[in-house]
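# A predicted structure for the sequence below; I have some questions about it.
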Amino acid sequence: MSGAFITFEGGDGSGKTTQVAALVEHLNGVGLQAVASREPGGTELGRAIRELLLHGGEVSPKAEALLYAADRAHHIATVVRPALEDGIIVVADRYLDSSVAYQGVARQLGTEEVRDLSLWATDGLMPDATVLLDVSVSEGAARVGGTQDRIESEGRDFHEAVRQEYLAMAQAEPNRWIVVPAEGSIDAVAARVRDAVMPRIRELLIGEPESVQSASSGKDSQ
Ligand code: TYD
């Protein structure tokens with residue numbers, strides 16, 4: 001049986017980390033096995049890469065894209081794929097759409113190139129569903145506050161480009177994306193996320209076992 005791969009996307013200050021944790025807690029509460037993970041930094045190697053990316057010195061745009069892709073390659077190979085193969089739901093705080101929005105558009109490296117780089121890095125793993133926590137750039141900046149990392153301290157145009165690319169991706173691929181307005185209290189947003197995502201997760205889990213069961217019935221007893 002394979003799990004489900006749910007990713008959360010959004011600009012800085014959209015509240016992804018809090019909402020990923022809330023969704024995982026809810027999933028566990030209803031008896032589903034789910035884990036949270038994050039990019040960059042979901043592995044030991046990734047935490048070192050995260051430090052270089054966010055708190056080191058200058059990083060040129062292509063080096064930046066390659067470092068995010070390196071973190072992702074290792075995270076998917078060593079954490080996400082093994083969990084999915086064990087039937088676990090993985091809820092990831094950012095995935096390849098972050099690279100498309102931040103490096104592809106805001107850094108102007110090209111959406112196709114950056115997406116292809118990530119697909120090569122992950123052997124083509126795509127999320128089953130992606131939640132976009134959409135918040136205005138000014139509200140996001142207010143939530144981030146005064147202590148900003150290298151990416152957060154980019155200007156307003158950079159962050160506006162990220163937001164617009166997310167909205168465009170969601171519009172272009174409505175079957176995968178779920179757009180959730182991220183204004184309001186943590187609990188209000190968590191309820192919106194649950195209402196939007198739980199039907200999709202049930203569909204994914206119920207849709208799959210039957211077709212997979214018969215194909216893998218000999219494999220389960222290994
Ligand atoms: P994140 O962990 O979401 O930030 P926070 O410090 O708020 O928890 O992400 C760190 C930064 O990395 C964020 O500004 C977005 C950026 N990023 C990219 O530019 N490209 C990527 O592929 C990813 C995964 C993140």
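Arrived safely. Residues are numbered from 1 along each chain as shown.
# Please report phi then psi for residue 35.
The phi/psi pair for residue 35 (degrees, to the nearest 10) reads phi -130, psi 150.
# interface residues of the chain facing the ligand?
12, 16-17, 38-40, 54, 68, 93-94, 98-99, 102-103, 149, 151-152 (CB under 6 Å from any ligand atom). Quick note: C-beta positions are derived from backbone N, CA and C, even for glycine.
# Any of these buried? List them.
Neighbour counting by 16 or more other CB atoms under 10 Å classes 12, 16, 38-40, 68, 93-94, 98-99, 102-103, 151-152 among those as buried.
# Point to the residue nearest the middle of the protein.
Among the residues of the chain, the smallest C-alpha distance to the mean C-alpha position (CA atoms, centre = their mean) belongs to residue 94, namely 2.5 Å.
# Now do the contacts for that residue.
Counting by CB atoms under 8 Å, 6 or more residues apart in numbering, residue 94 touches 7, 8, 9, 16, 38, 39, 40.
# Among those residues, name the ones in strands.
Secondary-structure check on the contacts of residue 94 using DSSP state E: residues within strands are 7, 8, 9, 38.
# Farthest-apart pair in the residues you listed, please.
9 and 38 (12.1 Å; CB to CB).
# Could I get the full set of helices for the protein?
The residue ranges that make up the helices of the chain, judged by DSSP state H, are 16-29, 44-55, 61-75, 81-85, 96-99, 111-121, 137-144, 156-172, 186-216.
# Need the winner for burial among those helices.
Mean neighbour counts were compared across the helices of the chain using mean count of other CB atoms under 10 Å; the top stretch is helix 96-99, at a mean of 26.
# Return the alpha-carbon coordinates of it using CSV.
In CSV, the C-alpha atoms belonging to helix 96-99 read as follows (Å, rounded to 0.1, in the frame of the first residue of the first chain):
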residue,chain,number,x,y,z
LEU,A,96,9.2,21.7,-5.8
ASP,A,97,6.6,24.4,-6.4
SER,A,98,8.6,26.6,-3.9
SER,A,99,11.6,26.3,-6.3
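# Not counting its own residues, what contacts that helix?
Residues external to helix 96-99 that are found in contact with it (CB under 8 Å, 6+ apart): 7, 9, 39, 65, 68-69, 72, 114-115, 117-119, 122, 130, 166, 169.
# mind running it again at 7 Å?
Under the criterion CB atoms under 7 Å, 6 or more residues apart in numbering, residues 9, 65, 68, 69, 72, 114, 115, 118, 130, 169 lie in contact with helix 96-99.
# ditto for stretch 186-199
Outside of stretch 186-199, the residues that reach it under the criterion CB under 7 Å, 6+ apart are 6, 15, 18, 19, 22, 23, 26, 129, 131, 178, 180, 182.
# before we move on, the earlier item: include mean pLDDT when you put the helices of the chain into a markdown table, please.
Listed next are the helices of the chain as a markdown table, based on pLDDT from 0 to 100:
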| stretch | mean pLDDT |
| --- | --- |
| helix 16-29 | 98 |
| helix 44-55 | 97 |
| helix 61-75 | 98 |
| helix 81-85 | 98 |
| helix 96-99 | 98 |
| helix 111-121 | 98 |
| helix 137-144 | 94 |
| helix 156-172 | 98 |
| helix 186-216 | 79 |
